[in-house]
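# Show me how the following folds:
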Amino acid sequence: MGIKTTTFLVFLVFFSFSFAQEKPNFIVIFTDDHGYADIGVNGQVSDVKTPNIDALATNGVRFTSGYITAPQCIPSRAGLLTGRYQQRFGVDHNGTIPMPLEEKLFPAYLQEAGYVTGMTGKWHLEPNHVQHEWINKNLPEIANRNSYTPSDIPRKMKMPYYPPSKGFDEYYYGPMYNILANYDLCGNAIEQRWIEETGYRLDNQTKAATIFIERNHDKPFFFYLPYYAPHVPLEATEKYLSRFPGDMPERRRYCLAMLSAIDDGVGKIKATLKSYGIEDNTVIFFISDNGAPLKIHKEDKTLAFKGGAWDGSLNTPFVGEKGMLSEGGIRVPFVMNWPAGIKKGLVYEESVISLDVAATCLSLAGVDLPKKIDGVNLIPYLTGVKKDAPHKALYWRFWDQSAIRMGNLKFLKAGNREFLFDVTTAEHETKNLIVDYPDKAMQMKKKLLDWASELHVKGISETEIRREKRWYDHYFQNK
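Numbering: from 1, shown residues only. Coordinates of the predicted model:
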């Protein structure tokens, strides 16, 4: 090989490497059952301590109307990771079906574009014991029971649904302490195995994130960090609990401690990025998967209680909670940080949704957006290139509820109960405007019906609400 040829190849390799590094890195932090009130920068409560999360916003963008696609764990994760309304492929709620194997997640597109992809924490897209339709089809030998337990589904049947098969190169997967991993917390690559981990689950998840960055800082990467908090079981170490002395519900104390652990994690991630000189060109999204489960009365049950209970988080100032399509269930903490690409201190008031994460990341990575993606690339709107709103309408359907937001107005339908709210006012969902603007409500309902006609299961509920009745009787009794 001649000197000129060798020199050219060296130049080509260097140029290709330099060009590749111009692509931003991506980190998506996804908290669990974390209400709108509970980041300090949202200015709703005084007891929360989230300085590092707040810094993401003050040095980036805080979205005041940031939404999730469902008020429940599985469908909200399905929407986030596909960039598609999850009702299009039948993952309407926790009890429908697992993520269909044919659905491609956006990290897989990034993987194909040369990104190293990784994750840790809660996944929740594999088959589970409340998905009777899937069980009856795939486990006929136990079909038609009234109920099932997690152990009824063999692990080998879950494996095709787990992160290694869905676009992730490196993984330290597990919400608690039973971990599927191909790298360890010392930074070593290992053969895929299940590990019984010790320590504190949130610190472990942070460590898995920083180790991934250390292992892959010299190439474009995507990391998905769905912290399992402040979802029950509430669990915190004295290090974090001691930051919240004084008289308060114990569930609130544990929630604040868990959020403080996550906040420390955000600080460690930022410090790791900075140590490798890649902080400015790393895009970080911080979003919750749905609002907090208040259980109406926010009862401070003993931590030994193992059933569904208030997790200590708050949805102030919004109405409702997890499981509802009112703002308290779907309007969540929503922050984006990208020092190299977005001016700091932006407060963005137009409606955005978790679907936009996939579209934004793929666009910035130079990947042509698949036509089926419902989200939009937010960058032109944040930089002022585009002056209109990212979405003409946002849509929801969950259990017997459905909703649409267009501009300032939101049409909410809970079975045969219908509401129209201006969710940008101080009254938000405490003042029903449907009698004042019936034509507008009808127009929005028609658009909602048109959208619902495109879904895997078509239409919206017109009957009396069932599971949600106690919530609507309480929160909307005079509306």
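# helix/strand/coil for R397?
strand (DSSP: H, G, I helix; E, B strand; the rest coil).
# Could you tell me the model confidence score at the nearest residue to it once chain neighbours are set aside?
In this structure, R397 finds its nearest non-sequential neighbour in Q87, 5.6 Å apart by C-beta to C-beta, 6 or more residues apart in numbering. (Glycine included, C-beta is placed from N, CA and C.) pLDDT, Q87: 98.
# now swap in K207 and tell me
98.
# try A37
pLDDT at A37 comes out at 98.
# same deal with F14?
36.
# Also K306?
K306 is given a pLDDT of 85.
# List the contacts of it.
Neighbouring residues of K306 by C-beta atoms under 8 Å, 6 or more residues apart in numbering: P233.
# Ramachandran coordinates for it?
phi -100, psi 0 (degrees, to the nearest 10).
# any idea how far I269 is from V48?
19 Å (C-beta to C-beta, to the nearest Å).
# L412 should be in a strand, yeah?
Yes: under three-state DSSP, L412 falls within a strand.
# How many residues are close by it?
Per other C-beta atoms under 10 Å, the neighbour tally for L412 reads 30.
# try F334
Counted with other C-beta under 10 Å, F334 comes out at 27.
# how much space between it and C73?
17 Å.
# Could you do K166 as well?
17 Å.
# which of those two has more neighbours?
Between K166 and C73, K166 has the larger neighbour count (other C-beta under 10 Å), namely 23 against 20.
# Return the residues in contact with G121.
So G121 contacts 30, 173-175, 205, 208, 224-228 (C-beta under 8 Å, 6+ apart).
# Look up the pLDDT of it for me, please.
For G121, the predicted pLDDT is 98.
# Give the rounded mean pLDDT of the helix or strand containing T360.
Using DSSP states H and E, T360 sits in helix 355-364. Taken as a whole, helix 355-364 has a mean pLDDT of 98.
# Pull out the buried positions in the following helix or strand past it.
For helix 355-364, the following helix or strand on the C-terminal side (DSSP H and E) is helix 379-382. For helix 379-382, a neighbour-count test (16 or more other C-beta atoms under 10 Å) marks 379, 381-382 as buried.
# before we move on, what about stretch 444-457?
Applying 16+ other C-beta under 10 Å to stretch 444-457 flags 444-445, 448, 451-452, 455 as buried.
# Looking at those residues, which are in helices?
Under the assignment DSSP state H, these contribute 444-445, 448, 451-452 to helices.
# R251: which of these is nearest?
Closest to R251 out of these is L448 (35.8 Å), distances taken as C-beta to C-beta.
# Find the nearest non-adjacent residue to the closest one, please.
Per C-beta to C-beta, 6+ apart, closest to L448 is I404, 4.4 Å.
# The helix or strand hosting the one you found pairs with which strands?
Following DSSP H and E, one finds I404 within strand 401-406. Applying DSSP bridges, strand 401-406 is found paired with strand 394-398 (antiparallel), strand 409-414 (antiparallel).
# what lines up beside the very next helix or strand once past the last one in the sheet?
Once the chain leaves strand 409-414, the next helix or strand it forms, by DSSP H and E, is strand 417-422. Pairing partners of strand 417-422, with direction, according to DSSP bridges: strand 409-414 (antiparallel).
# now the strand it pairs with, how far from the chain's geometric center?
22 Å (C-alpha atoms, centre = their mean, to the nearest Å).
# now do stretch 361-378
17 Å.
# so N178 sits right up against E196, yeah?
Yes: if you go by C-beta atoms under 8 Å, N178 and E196 touch, sitting 6.4 Å apart.
# Comparing these two, which shows the higher neighbour count?
Neighbour count, other C-beta under 10 Å: between N178 and E196, N178 has more, with 11 against 8.
# quick one: contacts for that one?
194-197.
# Could you identify which of those has the most neighbours?
Busiest of those [other C-beta under 10 Å] is E197, holding 17 neighbours.
# Tell me if K270 really is in a helix.
Yes: counting by three-state DSSP, K270 is located in a helix.
# okay, now it: neighbour count?
So K270, with other C-beta under 10 Å, has 19 neighbours.
# Between strand 394-398 and the helix holding T360, find me the angle.
Helix 355-364 runs at 130 degrees relative to strand 394-398, counting by axes from the mean of the first three to the mean of the last three C-alpha atoms, to 10 degrees.
# Helix 355-364: which residues count as buried?
355-364.
# still on that earlier bit, pLDDT averaged over the strand holding I404, what's the number?
98.
# for it, the distance to its chain's centre please.
For strand 401-406, the distance to the chain centre is 19 Å (C-alpha atoms, centre = their mean).
# what's the next secondary structure element after the lowest-mean-pLDDT helix or strand in the chain?
When each helix and strand of the chain is scored by mean pLDDT, DSSP states H and E, helix 3-22 comes last, with a mean of 40. Per DSSP H and E, helix 3-22 leads on to strand 25-31 as the next helix or strand towards the C-terminus.
# Could I get the CA-only coordinates of that next one as CSV?
The C-alpha trace of strand 25-31 is given here as CSV (Å, rounded to 0.1, in the frame of the first residue of the first chain):
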residue,chain,number,x,y,z
ASN,A,25,-25.7,11.7,22.6
PHE,A,26,-29.1,11.0,24.1
ILE,A,27,-30.1,10.2,27.7
VAL,A,28,-33.8,9.7,28.5
ILE,A,29,-34.6,9.7,32.2
PHE,A,30,-38.1,8.4,32.9
THR,A,31,-39.4,8.4,36.5
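# Name every strand pairing with that strand and say which way it goes.
strand 221-225 (parallel), strand 282-288 (parallel).
# pLDDT weak spots in the stretch 251-400 of the chain?
Within the stretch 251-400 of the chain, not a single segment meets pLDDT under 70.
# A113: how many residues sit nearby?
The number of residues near A113, taken as other C-beta under 10 Å, comes to 16.
# swap in G199?
Neighbours of G199 (other C-beta under 10 Å): 11.
# related to what we said a few turns ago, would you mind giving the ones in helices among the buried residues of stretch 444-457 as CSV with distance to N136 added?
As requested, these are exported to CSV (distance: C-beta to C-beta, whole Å):
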residue, distance to N136
M444, 37
K445, 34
L448, 31
W451, 29
A452, 26
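# So which of those is the closest to G114?
W451 (35.0 Å).
# quick one: the closest one and L394 touch, right?
No: using C-beta under 8 Å, W451 is not in contact with L394, being 9.8 Å away.
# and for the two, which residues touch both?
I404.
# any weak-confidence spans in the stretch 1-150 of the chain?
Ranges of the stretch 1-150 of the chain meeting pLDDT under 70: 1-21.
# what about the helices in the stretch 151-300 of the chain?
Counting by DSSP state H, counting those that start in this stretch, the stretch 151-300 of the chain has helices at residues 155-158, 201-216, 238-241, 250-275.
# So which of the ones you listed is nearest M324?
That would be, of those and by C-beta to C-beta, helix 250-275, which comes in at 19.3 Å.
# Report the angle between that closest one and strand 221-225.
Using the same axes, to 10 degrees, helix 250-275 lies at 170 degrees relative to strand 221-225.
# what comes up buried for helix 250-275?
251-266, 268-270, 272-273.
# Quick one: distance of it to the chain centre.
Worked out by C-alpha atoms, centre = their mean, helix 250-275 lies 17 Å from the chain centre.
# packing partners for that helix?
Applying 3 or more C-beta pairs under 8 Å, 6 or more residues apart in numbering; DSSP states H and E, one finds that helix 250-275 contacts strand 25-31, helix 51-58, helix 201-216, helix 238-241, strand 282-288.
# This completes my enquiry, with thanks.
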